[in-house]
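[1] fold the following.
(2 chains)
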Amino acid sequence: MTLLREHDLGTPARSSDTVVTIEVDGMPVTVPAGTSVMRAAALAGIDVPKLCATDSLEAFGSCRLCLVEIEGVRGTPASCTTPAAEGMRVSTQTSRLEKLRRGVMELYISDHPLDCLTCAANGDCELQDMAGAVGLRDVRYGYAGDNHLDEPKDETNPYFTFDPAKCIVCSRCVRACEETQGTFALTIEGRGFGSKVSPSGTNFFDSECVSCGACVQACPTATLEEKSVIALGVPRRSVLTTCAYCGVGCSFKVELRGDEVVRMVPYKDGGANEGHSCVKGRFAWGYATHKDRVLSPMIRESIDQEWREVSWEEAITYAATRLKAIQERYGVGAIGGITSSRCTDEEVFVVQKMVRAAFGNNNVDTCARVCHSPTGYGLKQTFGTSAGTQDFRSVDQADVIVVIGANPTDAHPVFASRMKRRLRNGAKLVVIDPRRIDLVRTPHVEASYHLQLQPGTNVAVMNAFAHVVVTEGLVDEAYVAERCEDDSFADWAAFVARPENSPEALAPITGVPAGELRAAARLYAAGPNSAIYYGLGVTEHSQGSTMVMSMANLAMATGNVGREGVGVNPLRGQNNVQGSCDMGSFPHEFPGYRHVADDAVRAIFEEAWGRTLDNEPGLRIPNMFDAAVEGTFRGMFVQGEDVAQSDPNTKHVKAALAALDLLIVQDLFLNETAAFAHVFFPGTSFLEKDGTFINAERRINRVRPVMRPRNGKQEWQVVCELSAALGHPMHYDSTSQIMDEIAATTPTFSGVSFDLLDKVGSVQWPCNEKAPLGTPIMHIGSFVRGKGHFVATPFVPTEERTNRRFPLILTTGRILSQYNVGAQTRRTENVRWHGEDLLEIHPFDAEERGIADGNWVTVASRVGETSLRARISDRMPQGVVYTTFHFPESGANVVTTEHSDWATNCPEYKVTAVEVRAHAREPLAGANGDGTHEDTPTDVLVGH
Amino acid sequence: MSSADLVRMANQIAANLRHLGDEEAAKLTAGHIRSFWAPPMRADLLRVAASGGAPLDTIVMAACRILDPSLGIAEPGTPLPADLDAAGR
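    Below you'll find the predicted structure:
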């Protein structure tokens, strides 16, 4: 593919029920009312010269290049700011307009470096294009006058350079930062000749800039330019693919010169992101070619030995031989596998197939166990399907947005930008979170209510909400009568109406003032369109599943499911955690969320795979660890997961891994888990993968390889060869055949194929005969299960309690620049923004303990302790501390416990009783005081 | 898996279903364990129940009888089978 350049239509699309027809240079064109003349002309194939206009931003009308003549209209209006009106006759090319445009360009070029031939943007510069388009031949002002050619560059951002000498002050960057990203970090300082782009009066790195790249993308010149383009040159070809970071699933054009990636540019037609990105997807892709990448298979007899590089054949044979030996000695159920939420659907599908068909059991699980497994349970019980109800666009129609236990500006930044745009346009916001997340108060956005509840009291808060809705007559009776079960609604309504569920009765437990809670509940119920967005602050609790059901109850009771602008929306964390779940990476479910005990479903797979399959549920990840310590589980295949860092109670996890006779790890780098491995299969980065990811909207996006696998094989090929060595051959000629098998065996995917995805870009499942182009909004008209089911949700406090020894509650979260365990982002320049995990502690709690900002502290729970540096912050209420978990040295999971959700065993990461003590003296990093933690094997790669 | 962990998990399920009344809660607890627990875990839980030696919730005990109607429940205080010794696991 050559370089893909999307057609810039100048101004954003408008939607309207009315259309207007105008004539542009004699050519008729019909557009929705409100469309600009510029966009109408572009749609007719006539590109009016422009510099300040771009179709991702509202019209600005400053450059005066896009002037047109309109019959019956005086002067020469700007086509970008002039709406098309019925019957208009527009001329875009007249001698008068040509003279005016040349004059405008003369002014621009009189204060612009004439270094096109050596400029990094040569061939990719709109100013250069416009000079050609208007026929500029000379600049009558000359170049001797005052100018800005000596303005110093700002090279503080690790990924892009700001060169004000080249700036034409079109304000596209400022507007992109406002409209697209919503950070408002840039402004135009000064007036007239003194006008200049300023990042909050300081440099880019120290400003509020979040390095999303929207300004770089919007810039029509080389003023804001990627450092990689400056170094490598303008790219020559593009490959469309999907980001491998978070659950937003942004579509990108990977732009290359040969096989070398020059930059990643968000794709305008990306279904999830529509041309926007964040710092991770846009810039932090260098880990794919990092020197730490392991590219050859390795084996060793025991974990205290050095690794030995071997051929693929030897590694696979060794792994298969040892797996078979374990099963012969300890039984079929003594081995299992964990699939990755970072790998493609096809790669995950073959791992769960290998476990079921080659291992002969259902001991397969995925990292959703530790994040959104309660979502799967809770939404299946209430709505009948284990996934979110809306697409991201739906938020544009929301009137009230409730964000519970999520921090979208850090964890789902591109979606957060969209949400902020809707909030700036008038939607109301309720935030339910112990921590004052950025969204509570951010430029031009302020939450109407921030309910700063005590960790572990989510269900109590939701019950109080429901109490208000039911007792104050705010139930949408017509909706409930039509769409929900009468009896379960009646039981639920009676339950929540009890006095013990009132906001007043629950306030002492939740810490939320009753008046505030009542007001927030009324706001949600009033809508008219109210949407709930939630994250791991909901699910990673002992009542995670209960909380999901309570939100679903509330949404049904108020009629907020089944159309745009509403819904119950889980913000899935990882790029393919949704897909990993959809592909049946569960010990109790086949692909498509169908129980292994279901004879009819099992028969489908038995026929497809040619063998009898186990009809009993297998072991979940925490059960695998327990069984490993017990000695009954002896072998494991871990695909792209670093359980030794990410899973709770690190000591227990490491004990389990150390107890295994065989651990096979398939990954990019030697991580904490690989320290316990006997076989290492080198994996592929997203730049080498061929397959699909599924994002939080159920959107199936293509992942296309931009280079050959650096390890020599696609990951699915390795798994197929291992399966064959175990006695169950799996052969596919191409990745698309795997998707064809998924489609043939899974009704919600029956219409999906690579051909379809290449044609339409992406589809949201269910995609089948009833919905050949997918299903953006679910449960329209009726729920997947038929009638919505209400479930009473009594509040059962967690067993994790504070006491005199551990008087504080630790909760955890993510930060924008780093991602999960940091395996990818720690190997990029993103470490400049977040080089270590810090412990946020309230000023009163810090003062009581003699802790100052920046001090090293010990964080101890009943299961372990670790060391972090303190950051004094009033984001957290008194009694609650907070940290992130991106660096293995910080060992956040050394202190988290075995408590988990009652239904799914999702760990209760968000509630750990701890004490925080100042260090007597400043130690080295790490709990052992020497850069390591207890049990850290010597060959573990830590940090960066 | 240690009997202490199994007891904790089973009792937690019961605690979250107790509001449905003992009979319904026992039925749903049994259903949940049958749907989501691997056979070895179920077997170990039934042995704990049969031994009568661990603090299983009454709803869990009732659920165990649903899972295995032939389950014989020992007198409280009867020592656990050696391989289900809760101590030190």
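[2] my guess is A:R594 contacts A:H588. True?
    No. Using CB atoms under 8 Å, A:R594 is not in contact with A:H588; the gap is 9.8 Å. C-beta coordinates here come from the backbone N, C-alpha and C atoms, glycine included.
[3] longest helix in chain A, please.
    Across chain A, the longest stretch assigned as helix under DSSP state H is helix A:312-330.
[4] hmm, who's touching that one?
    A:297-299, A:310, A:334-335, A:359-360, A:632, A:634-635, A:661-662, A:664, A:678-679, A:681, A:712-713, A:718, A:721-722, A:725-726 (CB atoms under 8 Å, 6 or more residues apart in numbering or on different chains).
[5] hmm, stretch A:629-639 in reach of chain B?
    Yes. Interface with chain B: stretch A:629-639 contributes A:V629, A:E630, A:T632 (CB under 8 Å from any CB of the partner chain).
[6] so which of those residues sit within strands?
    Among the residues of stretch A:629-639 next to chain B, no member falls in strands (DSSP state E).
[7] in a markdown table: the residues you listed, plus pLDDT, neighbour count and distance to A:R102.
    Listed next are those as a markdown table, based on pLDDT from 0 to 100; neighbours: other CB atoms under 10 Å in any protein chain shown; distance: CB to CB, whole Å:
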| residue | pLDDT | neighbour count | distance to A:R102 |
| --- | --- | --- | --- |
| A:V629 | 95 | 19 | 79 |
| A:E630 | 94 | 17 | 82 |
| A:T632 | 96 | 16 | 82 |
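[8] still on that earlier bit, quick check: mean pLDDT of the longest helix of chain A?
    The average pLDDT within helix A:312-330 is 98.
[9] tabulate the CA atom coordinates of it in PDB.
    In PDB, the C-alpha atoms belonging to helix A:312-330 read as follows (Å, rounded to 0.1, in the frame of the first residue of the first chain):
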ATOM      1  CA  TRP A 312      11.700 -23.800  17.300                       C
ATOM      2  CA  GLU A 313      11.500 -27.600  16.700                       C
ATOM      3  CA  GLU A 314      13.600 -28.400  19.700                       C
ATOM      4  CA  ALA A 315      11.700 -26.000  21.900                       C
ATOM      5  CA  ILE A 316       8.300 -27.300  20.900                       C
ATOM      6  CA  THR A 317       9.300 -30.900  21.200                       C
ATOM      7  CA  TYR A 318      10.700 -30.300  24.600                       C
ATOM      8  CA  ALA A 319       7.600 -28.500  25.800                       C
ATOM      9  CA  ALA A 320       5.300 -31.200  24.400                       C
ATOM     10  CA  THR A 321       7.300 -34.000  25.900                       C
ATOM     11  CA  ARG A 322       7.300 -32.500  29.400                       C
ATOM     12  CA  LEU A 323       3.600 -31.600  29.200                       C
ATOM     13  CA  LYS A 324       2.800 -35.200  28.300                       C
ATOM     14  CA  ALA A 325       4.900 -36.500  31.000                       C
ATOM     15  CA  ILE A 326       3.200 -34.400  33.600                       C
ATOM     16  CA  GLN A 327      -0.200 -35.600  32.500                       C
ATOM     17  CA  GLU A 328       0.900 -39.200  32.500                       C
ATOM     18  CA  ARG A 329       2.000 -38.900  36.100                       C
ATOM     19  CA  TYR A 330      -0.500 -36.400  37.600                       C
END
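[10] which residues belonging to that helix are considered buried?
    Buried residues in helix A:312-330, counting neighbours by 16 or more other CB atoms under 10 Å in any protein chain shown, are found at A:312, A:315-320, A:322-324, A:326-327, A:330.
[11] now stretch A:268-286
    A:268, A:270-286.
[12] what's the one helix or strand A:I188 maps to packed up against?
    In this assignment (DSSP states H and E), A:I188 forms part of strand A:186-189. With contacts defined as 3 or more CB pairs under 8 Å, 6 or more residues apart in numbering or on different chains; DSSP states H and E, strand A:186-189 has these neighbours: helix A:172-175, strand A:196-199.
[13] which of those has the highest mean neighbour count?
    helix A:172-175 (a mean of 24; mean count of other CB atoms under 10 Å in any protein chain shown).
[14] within range of chain A, give me the residues from chain B.
    B:1-2, B:5, B:9, B:12-13, B:15-16, B:18-20, B:32, B:35-41, B:89.
[15] just the buried ones from those?
    B:1-2, B:5, B:9, B:12-13, B:15-16, B:18, B:20, B:32, B:36-38, B:40-41.
[16] just the pLDDT for the closest residue to A:C209 other than its chain neighbours.
    Closest residue to A:C209 apart from its sequence neighbours, by CB to CB, 6 or more residues apart in numbering or on different chains: A:A185 at 4.3 Å. For A:A185, the pLDDT comes out at 97.
[17] tell me the phi and psi of A:D438?
    phi -60, psi -30 (degrees, to the nearest 10).
[18] from the stretch 551-700 of chain A, which residue is nearest to chain B?
    Going by CB to the nearest CB, chain B is nearest to A:D626 of the stretch 551-700 of chain A, at 4.1 Å.
[19] does that residue touch A:A659 like I think?
    No. Here A:D626 does not reach A:A659: they are 10.6 Å apart, not a contact under CB under 8 Å.
[20] more crowded one of those two?
    A:D626 (23 against 17; other CB atoms under 10 Å in any protein chain shown).
[21] is stretch A:455-475 in proximity to chain B?
    No. Counting by CB under 8 Å from any CB, chain B is not contacted by stretch A:455-475; separation bottoms out at 9.8 Å.
[22] next, the buried residues of that stretch.
    Buried, per 16+ other CB under 10 Å, within stretch A:455-475: A:455-471, A:474-475.
[23] leaving out sequence neighbours, find the closest residue to residue 68.
    Chain wasn't specified; assuming chain A. Nearest non-adjacent residue to A:V68 (CB to CB, 6+ apart): A:S79, at 4.5 Å.
[24] could you do chain B instead?
    Per CB to CB, 6+ apart, closest to B:D68 is B:L46, 5.4 Å.
[25] bridged to the most centrally placed residue in chain A, which residues?
    What sits nearest the mean C-alpha location of chain A, by CA atoms, centre = their mean, is A:C246, with 2.5 Å. A:C246 has these beta-bridge partners by DSSP bridges: A:Q574.
[26] who are the neighbours in contact with the residue of the stretch 701-850 of chain A found nearest chain B?
    Nearest to chain B, among the residues of the stretch 701-850 of chain A, is A:P794, at 4.5 Å (CB to the nearest CB). Applying CB under 8 Å, 6+ apart, we find A:P794 in contact with A:V459, A:N463, A:F495, B:N16, B:R18, B:H19.
[27] would you check that the fifth one makes contact with B:A25?
    Spelled out, that is B:R18. Yes. Between B:R18 and B:A25 there is a contact under CB under 8 Å: 5.4 Å.
[28] which residues are common contacts for those two?
    In contact with both B:R18 and B:A25: B:I59, using CB under 8 Å, 6+ apart.
[29] and A:W902, how far is that from A:L810?
    A:W902 sits 21 Å away from A:L810, going by CB to CB, to the nearest Å.
[30] how about the strand or helix carrying A:A494, does it reach chain B?
    Assigned by DSSP H and E, A:A494 falls within helix A:486-497. Yes. Judged by CB under 8 Å from any CB, helix A:486-497 comes into contact with chain B at A:F495.
[31] which strands and helices sit next to that helix?
    helix A:458-471, helix A:544-557.
[32] packing partners of the last one?
    If you count contacts as 3+ CB pairs under 8 Å, 6+ apart, helix A:544-557 packs onto helix A:373-382, helix A:458-471, helix A:477-483, helix A:486-497, strand A:530-534, helix A:536-539, strand A:567-570.
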